[in-house]
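Visitor: Here is my input, please return the structure:
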Amino acid sequence: MDDKSVLQFTDQTVTFEQFVDFLATKVALRIHQIEKGKLEISQSQAYRLFGRADVERWIKNGKLHPVRVSPGKKRYSLVDLQKLARIQQNYLL
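Guide: So this is what the prediction gives:
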């Protein structure tokens, strides 16, 4: 695909170069958020990605705390969740 190609989406048409620039910007922003530890995900996303049982166990054991709480919603740091997921768990203790 060359830079003159046009991509047609249901709501708009953009050039390939515009699409790549937009995508690169989004990826760079996401990488920056992850490196700074500022990427947050909802509790339901945490359950889906890491398993409800693990997330609830980490909360119960005091290893995971919400970074932001609003009425009825909790958000967790993706970096914290990834660190906890990498630790080998001993379920027998």
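
Visitor: Which parts of the chain are helices?
Guide: Assigned by DSSP state H, the chain shows helices spanning 16-35, 43-50, 52-60, 78-86.

Visitor: Let me know how buried the residue lying closest to residue 54 once chain neighbours are set aside is, in neighbour terms.
Guide: In space, and not counting its chain neighbours, residue 54 is closest to residue 85: 7.2 Å by Cβ to Cβ, 6 or more residues apart in numbering. From N, CA and C alone the C-beta is placed, and that goes for glycine too. If you count neighbours by other Cβ atoms under 10 Å, residue 85 ends up with 14.

Visitor: export the helices of the chain to CSV and tack on mean pLDDT and distance to residue 7?
Guide: Output for these, formatted as CSV (pLDDT from 0 to 100; distance: least, Cβ to Cβ, whole Å):
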stretch, mean pLDDT, distance to residue 7
helix 16-35, 85, 5
helix 43-50, 94, 28
helix 52-60, 94, 38
helix 78-86, 89, 29
